[in-house]
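>>> dropping a prediction and its sequence here:
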Amino acid sequence: MARHEWTSGAWRWRLAALLGVGVAVLALVVTVIRTPPDDGADTAGTSRDGDRVHGTPATPPGPRGPEVGWGFTHTQYSADEGDDTATERVDRLVRDARGMPQDQALMGWGADNPEPVKGRYDFGAMDRRIDFIRASGGTPVVTLCCSPDWMKGGEPGVGATDWSQAALETAPRPEHYADFAALAATVAERYPDVRHFMVWNEFKGFWDDAKARWNYEGYTRLYNLVYRALKKVDKDIMVGGPYLAMDSLDPRAHDVSRTVRGSWGAMDQRVLDAFTYWNRHKAGADFVVVDGSSYTNDDELLPDEFAATDKFTAVGAWVRRQTGELPLWWSEYYVEPADGNDERRGWSETRRVAVQAAGLIAMVKGGATSGFYWNPQDEKGTDCPGCLWTPTYGSDGGRKLPMFGLLSRFHREFPPGTRYRSVPVAADDVPNVRVLADDRAVLVVNTLDRTISAKVDGERFEMQAYGVKWLKRQR
């Protein structure tokens, strides 16, 4: 099957939502008028038994509760494909990281159309991703997005899927919400070891042009149908939403919050309104999911790249207050603005890792217990900014990169249930370092582009520019 991808940088979807969704919807309306009946659609290679259990379900090593820890999302290219030596190398990396949670989308980002025709399934690509997660000892998570074309006014049939970004990011039509919920239940039956599901992704397709706000009523209706369908399969399945992008703006912009703001900017009030509606009208939730960037929608890092991560702390604290302390997940998080091609190549890897570490610390301080890093690998080449490992499409691939070192260590040192501690930091170091500690370890980040001598938790040590250092506590 062909691979399909849609990047998920913090700017590209919101811009499309606010400026271009109306055009995409019009195109889909035209498409549905000329769509032939389903009974004439191509079903080659599909099966009616999509709910048949695939392979040998594994018992994930991680916690069975709603907090899964710190892991990554598989995107278009990942270690489920490539040279055997390279893919096995990544398998060992992830296995050694003690069950890192791994998320896979239902359709797109490496997964094919799971139901090209109503009642006819193709889970080949999804099976392969789940097999990799099982083999690497990870905790599997599924993002229930996106939806087959026939659910949103497109043409049914194998080979008929419209893989354009506008089509993929169109929400199911209301009359097909129940069909999408049924598909979610089929996925849960096929992979009984998947115990955690996130419902949809960034409100894709739910922007209301006429009202200039999110269609939170429509999303919540879809969410509730999916929630009930999954709980009917197994009451112990854990479900979360709303996977809403927590956009922030220049404080002087329109539609800004008067209360959720800081030196990093101000929250978009329309986002807070959407979250509030979902929270009040949801059928239930085992955890709450948000995503977002530390920078504003204008790609401004306020007042700088490290201080901007304070947004994660402020947003997390606000969300936790609204939801009655439900476990908080960050499904995606970004600290480096992207260019016009949604690529992040402007920073050195040392700086990138340091700001990411500061972001993780900020999320924890806002109450988060779980998060998913976006960007495992590129298709090819050795230059892969922010990747977790080198591309697996060659025998020398699958080698650990600095970002994997940070993420895997963070997962091991600060798993769900961690009790964080305050540690002393020398007064002159307080403005220059970010620190997170528990009873066993301390993570220290140098926010300066120069070498410093820092004293943290009673220990003095040198730190290189943008250095990230782990200390073992002696108590």
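Received the coordinates, thanks. Note that the coordinates shown come from a computational prediction; the quantities given were computed from them, not determined experimentally.
>>> tell me the contacts of residue 193?
57, 58, 59, 60, 134, 140 (C-beta atoms under 8 Å, 6 or more residues apart in numbering). The way it works is simple: take the backbone N, C-alpha and C, and place the C-beta from them, glycine included.
>>> tally up the residues packed near the last one, please.
Just to be clear, that refers to residue 140. 23 (other C-beta atoms under 10 Å).
>>> OK, contacts around it?
Residues in contact with residue 140 (C-beta under 8 Å, 6+ apart) are 60, 101, 102, 104, 130, 133, 134, 191, 193, 194, 195, 196.
>>> show me where the stretch 351-475 of the chain has its helices.
For the stretch 351-475 of the chain, the helices defined by DSSP state H, counting those that start in this stretch cover 402-413.
>>> my bad, should have said the chain
12-19, 21-33, 84-96, 124-135, 165-168, 177-190, 216-233, 269-281, 310-323, 349-365, 402-413 (DSSP state H).
>>> which one of those is the most hemmed in?
Mean neighbour count (mean count of other C-beta atoms under 10 Å) peaks for helix 349-365 among the helices of the chain, with a mean of 23.
>>> what is that one packed up against?
Using 3 or more C-beta pairs under 8 Å, 6 or more residues apart in numbering; DSSP states H and E, the elements in contact with helix 349-365 are helix 310-323, strand 328-334, strand 368-374, helix 402-413, strand 433-437, strand 441-446, strand 468-472.
>>> what angle sits between the second one and strand 368-374?
Here strand 328-334 points in a direction 30 degrees away from that of strand 368-374 (axes from the mean of the first three to the mean of the last three C-alpha atoms, to 10 degrees).
>>> tell me how far strand 328-334 lies from the chain's centre.
Averaged C-alpha coordinates place strand 328-334 at 6 Å from its chain's average position (C-alpha atoms, centre = their mean, to the nearest Å).
>>> go on, the fourth one?
Centre-to-centre, helix 402-413 and its host chain are 17 Å apart (C-alpha atoms, centre = their mean).
>>> and that helix, what does it pack against?
Partner elements for helix 402-413 (3+ C-beta pairs under 8 Å, 6+ apart): strand 70-73, helix 84-96, helix 349-365, strand 441-446, strand 468-472.
>>> could the ones you listed be laid out in CSV, adding distance to residue 401 and mean pLDDT?
Listed next are the helices and strands packed on helix 402-413 as CSV, based on distance: least, C-beta to C-beta, whole Å; pLDDT from 0 to 100:
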stretch, distance to residue 401, mean pLDDT
strand 70-73, 12, 97
helix 84-96, 10, 93
helix 349-365, 8, 98
strand 441-446, 18, 98
strand 468-472, 14, 97
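>>> out of those, which is closest to residue 413?
Nearest to residue 413, of all the helices and strands packed on helix 402-413, is strand 441-446, at 4.5 Å by C-beta to C-beta.
>>> is it possible to get a markdown table of the helices of the chain that adds distance to residue 290?
Below are those laid out as a markdown table (distance: least, C-beta to C-beta, whole Å):
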| stretch | distance to residue 290 |
| --- | --- |
| helix 12-19 | 14 |
| helix 21-33 | 21 |
| helix 84-96 | 25 |
| helix 124-135 | 23 |
| helix 165-168 | 21 |
| helix 177-190 | 20 |
| helix 216-233 | 14 |
| helix 269-281 | 8 |
| helix 310-323 | 6 |
| helix 349-365 | 10 |
| helix 402-413 | 19 |
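>>> of those, which is nearest residue 287?
helix 310-323 (9.1 Å).
>>> and residue 307, how many neighbours?
By other C-beta under 10 Å, 19 other residues sit near residue 307.
>>> ok, now which ones touch it?
263, 264.
>>> thinking again about what came up before, quick one: which two of the contacts of residue 193 are the most distant?
By the measure C-beta to C-beta, 59 and 140 form the most distant pair in those, at 11.1 Å.
>>> in strands, which of the contacts of residue 140 fall?
Applying DSSP state E to those, the entries found in strands are 101, 102, 104, 196.
>>> least confident pick among the contacts of residue 193?
Here the lowest pLDDT out of the contacts of residue 193 sits on residue 60, with 66.
>>> and residue 346, how many neighbours?
Residues lying near residue 346 (other C-beta under 10 Å) number 12.
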